[in-house]
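Engineer: here's a sequence, model it:
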Amino acid sequence: MVKEEIRFKGIIDVGIIALSHCKNPAQKSSLIFFSKVVKLEIPYLIPVLRLVGAYHLMTNFLKVSPKDVKDALLNTLQFKKPIFIEDINKNLAKRALELAEKSRFESWD
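Structural biologist: Modelled structure (predicted):
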């Protein structure tokens, strides 16, 4: 029996994650793309660490409230899809987001 290999087109970076998770002029198109990735309609991967990086981008540059960012990104980390590259463990990423929001320090620290 031949095992089917999935080929991915690319990796999602912090920009797409951030733009699809908060109100901004590019949210609609970013969210359409991101939704297709989550639904496995297009073959892209999401490194877990990029969600932590998106926290920094959204809170510091897009000025979204830390709680709103944390909640949105934690929701995304709940997906049980084969789209995540666990360059860091999902539970560690969740904890980093929670600590960043509570302590007001950079999630990258």
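Engineer: count of neighbours near Ile85?
Structural biologist: 15 (other Cβ atoms under 10 Å). Where C-beta positions appear, they are placed from N, C-alpha and C, glycine not excepted.
Engineer: same check on the one 3 residues further on?
Structural biologist: Here the number of neighbours of Ile88 (other Cβ under 10 Å) works out to 14.
Engineer: quick one: residues contacting it.
Structural biologist: Val48, Leu49, Val52 (Cβ atoms under 8 Å, 6 or more residues apart in numbering).
Engineer: now Phe8
Structural biologist: Counting by Cβ under 8 Å, 6+ apart, Phe8 touches Pro43, Tyr44, Leu45.
Engineer: dump those to CSV, plus secondary structure.
Structural biologist: Shown next, in CSV, are these (DSSP: H, G, I helix; E, B strand; the rest coil):
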residue, secondary structure
Pro43, coil
Tyr44, strand
Leu45, strand
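Engineer: can you select the buried ones from the residues you listed in ChimeraX?
Structural biologist: A single ChimeraX command is used to select the members of the contacts of Phe8 judged buried by 16 or more other Cβ atoms under 10 Å:
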select :44,45
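Engineer: mind listing the strands for the chain?
Structural biologist: With strands called from DSSP state E, the chain shows them at 10-11, 44-47, 84-85.
Engineer: these: which one's closest to Leu19?
Structural biologist: The closest of those to Leu19 is strand 44-47. By Cβ to Cβ, the value is 13.8 Å.
Engineer: partners of that closest one in the sheet?
Structural biologist: With DSSP bridges as the criterion, the sheet partners recorded for strand 44-47 are strand 10-11 (parallel), strand 84-85 (parallel).
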